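S.K.: quick one, structure for this:
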Amino acid sequence: MSRDIKRPTSGQSWCSWPSLALLVVVTLSLGPVTLAMRVTSSGPQTLQLAQGEQARVDCIYTPDPEDIGELDIEWSLVSPDTTKKDQLIISYSGISKYLHGDPALTEGVDFAASDPSQGDASLSISSVDAAHAGTYQCKVKKSPGVDMHKVSLVVLERPSTPKCWVEGDEAIGQPVSLHCKSDQGSGPLQYEWRRESGGPIPPSVTQNSVLGELLINNHSVVLAGIYSCEVANAVGKERCRLNLQAIKPPNRAGVIAGTVCGCLLLIIIILIIIWLLVFRWERKRYEKELSNEIREDAPSPESRPASRNPSLQSKVAYSQLSQTHKHHPPSTSTSYTATKYDSRYGYVV
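M.R.: Predicted structure coming up:
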């Protein structure tokens, strides 16, 4: 059995008059709908900034007309340890601003707007460093309304200028690798090699974006040129450049021949030195033996029987001389004859 959907006629109504009257009474009894204090900031929940940059942490609020109490604004650094209190940094009450906590942390901290009571309670930090990193809470209170807003601030270090270098002899047909390294910078660091001349890098060349390495398995002339490496993180980037050359390899046959000739020449020189040393040693030995033979062959001096007893010969010569004086009388003129010692006979003559 089919069902027919009927539309109401002009004399009919979807609701009865008693129901409509009841709805009006309930609405009037509830009174006007109130909207409490609201922080309406729609910015990012996490800010990533480089060291030294200026930071602005948004906190835009809208009070309700029923919020008639005194305006009170507080900025706090939330403690990662839930058992510890948050650190109050700056506050606004009435018409005055107050700084709280460590002066090293509050230096350069202020409200971004000159009058925070006009709906902008954003926080400004002139130069952020690692000490400013953390989660910040903005609390806006105007009785009876109150609302809060949290933003995380991440302070990163820009990458330092990287160093580019080549490993390998850059010879054609040989493997060569290009390296890029940045010593400073908050991670993760991403490296990317680009070719500035000669077209894009061929697919056969592989690069590692984490280690900053560009590997060429078979170097050729078409791969030579200017290469640049860019290192980047969330807050900055730096780059370096190098010139990759393609060097023709030396003639292997010539190198081998030269090596062999050099080795042979060295061996010949060593043999000559050994021969000279042996020759010198043999010559000294021959001269020594010849000197000994000459000494052995030299004749000894003649020895006479008379010379073996010189005292006896002297006595005989003296007796002969005495007899001569006896047979010859002395002359009137006295003369003296000098005697000599003859070494050949071994006595005085």
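
S.K.: which positions in stretch 139-156 come out as buried?
M.R.: 139-142, 145, 147, 149, 151, 153, 155-156 (16 or more other CB atoms under 10 Å). All C-beta atoms are positioned from the backbone trio N, CA, C, and that covers glycine.

S.K.: stretch 116-123 now?
M.R.: For stretch 116-123, using 16+ other CB under 10 Å, the buried residues are 116, 120-123.

S.K.: outside of that stretch, which residues touch it?
M.R.: Under the contact criterion CB atoms under 8 Å, 6 or more residues apart in numbering, stretch 116-123 has outside partners 41, 55-63, 71, 73, 75, 89-90, 92, 95, 97, 109-113, 136, 138, 140.

S.K.: and the longest strand for this structure?
M.R.: The longest strand of the chain (DSSP state E) is strand 145-156.

S.K.: so how far is the helix or strand following that strand off the chain centroid?
M.R.: Going down the chain from strand 145-156, the next helix or strand is strand 163-167, by DSSP states H and E. Relative to its chain's centre, strand 163-167 lies at 12 Å (CA atoms, centre = their mean, to the nearest Å).

S.K.: do the same with stretch 188-198
M.R.: What separates the centre of stretch 188-198 from the centre of its chain is 20 Å, taken as CA atoms, centre = their mean.

S.K.: likewise stretch 79-87?
M.R.: Per CA atoms, centre = their mean, the centroid offset for stretch 79-87 relative to its chain is 39 Å.

S.K.: sorry, back to before: among the buried residues of stretch 116-123, which one lies nearest to T83?
M.R.: L123 (25.4 Å; CB to CB).

S.K.: got JSON lines for the buried residues of stretch 139-156, with distance to L290 and pLDDT too?
M.R.: Below are the buried residues of stretch 139-156 laid out as JSON lines (distance: CB to CB, whole Å; pLDDT from 0 to 100):
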{"residue": "K139", "distance to L290": "119", "pLDDT": "95"}
{"residue": "V140", "distance to L290": "122", "pLDDT": "95"}
{"residue": "K141", "distance to L290": "125", "pLDDT": "94"}
{"residue": "K142", "distance to L290": "129", "pLDDT": "92"}
{"residue": "G145", "distance to L290": "129", "pLDDT": "91"}
{"residue": "D147", "distance to L290": "123", "pLDDT": "94"}
{"residue": "H149", "distance to L290": "116", "pLDDT": "94"}
{"residue": "V151", "distance to L290": "110", "pLDDT": "95"}
{"residue": "L153", "distance to L290": "103", "pLDDT": "95"}
{"residue": "V155", "distance to L290": "97", "pLDDT": "95"}
{"residue": "L156", "distance to L290": "94", "pLDDT": "95"}
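
S.K.: as CSV, those residues with distance to S197 would be great.
M.R.: Putting the buried residues of stretch 139-156 into CSV (distance: CB to CB, whole Å) gives the following:
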residue, distance to S197
K139, 58
V140, 58
K141, 63
K142, 64
G145, 65
D147, 58
H149, 52
V151, 46
L153, 42
V155, 38
L156, 33
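
S.K.: from those, pick the one nearest V235.
M.R.: Closest to V235, out of all of these and judged by CB to CB, is L156, at 4.5 Å.
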